[in-house]
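Engineer: Return a 3D structure for these sequence lines:
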Amino acid sequence: MKIRLLPDQDHKIMVRAQYTFDPTPHININLTWKKTPINMDNTNKINSLDVKLLRFSLGIIYFWFGALKFFPDLSPAQQIAMNTIESLSFQLLSGSTGLILLASWEVLLGLAFIMGFRHRFLVFILLIHLIGTFSPLVLFPSLSFRSFPYGFTLLGQYIVKNLVFVAAAGILWNSETRTKSASKR
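Structural biologist: This next block holds a predicted model:
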């Protein structure tokens, strides 16, 4: 059986099916779809709610993960965070001091997102943090990969899942642009 979809000028889709076992070899079916205008007011309201939910979710994650780092051996990322901070600071910061600074950074960032602050500065700080979270892939490849570049260890998977945070940061950055341009009108 062969099926082809053929759109024409009137936005109708003609489906042609050819059956070899049927005495009538061609069957034509006409389907139509309508172009409906999108109500931008509803779309913006939905997007606004989604952005608030995204901001709140990021806030909870950052607050929670940051708070865990204040308590010894409670965060599963404690040791890799300490090693990464020492490497990135060229041993100018000890791992334990860096961990307290990182925990504070994450908790404050989380609280700012939870409280609804809408500043590009927060997204910028988030992106700087994410650069640090991806650095163990380069600094400690033996801990991140079983088979470079696709066979991740559990730590590598933990790091790569932060790509979702990069996408979230992009959405928040763009929502700030839309909000500012809408307020100028």
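Engineer: Helices along the chain, start to end?
Structural biologist: For the chain, the helices identified by DSSP state H occupy 40-68, 78-88, 95-114, 120-134, 136-139, 141-144, 154-160, 163-184, in order along the chain.
Engineer: wait, what's in contact with His129?
Structural biologist: Contacts here follow C-beta atoms under 8 Å, 6 or more residues apart in numbering; on that basis His129 touches Trp105, Glu106, Leu109. Glycine gets a C-beta too; all of them are placed from N, C-alpha and C.
Engineer: how does it look with 7 Å?
Structural biologist: When the contact criterion is C-beta atoms under 7 Å, 6 or more residues apart in numbering, the partners of His129 are Trp105, Leu109.
Engineer: same thing with the one 5 residues further on?
Structural biologist: By C-beta under 7 Å, 6+ apart, the contact set of Phe134 is Ile159, Asn162.
Engineer: where's it relative to Thr84, distance?
Structural biologist: Phe134 is 10 Å from Thr84, where distance means C-beta to C-beta, to the nearest Å.
Engineer: coming back round to it: okay, the helices of the chain in JSON lines with mean pLDDT next?
Structural biologist: What follows is the helices of the chain, written out as JSON lines (pLDDT from 0 to 100):
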{"stretch": "helix 40-68", "mean pLDDT": "83"}
{"stretch": "helix 78-88", "mean pLDDT": "97"}
{"stretch": "helix 95-114", "mean pLDDT": "97"}
{"stretch": "helix 120-134", "mean pLDDT": "94"}
{"stretch": "helix 136-139", "mean pLDDT": "96"}
{"stretch": "helix 141-144", "mean pLDDT": "95"}
{"stretch": "helix 154-160", "mean pLDDT": "95"}
{"stretch": "helix 163-184", "mean pLDDT": "81"}
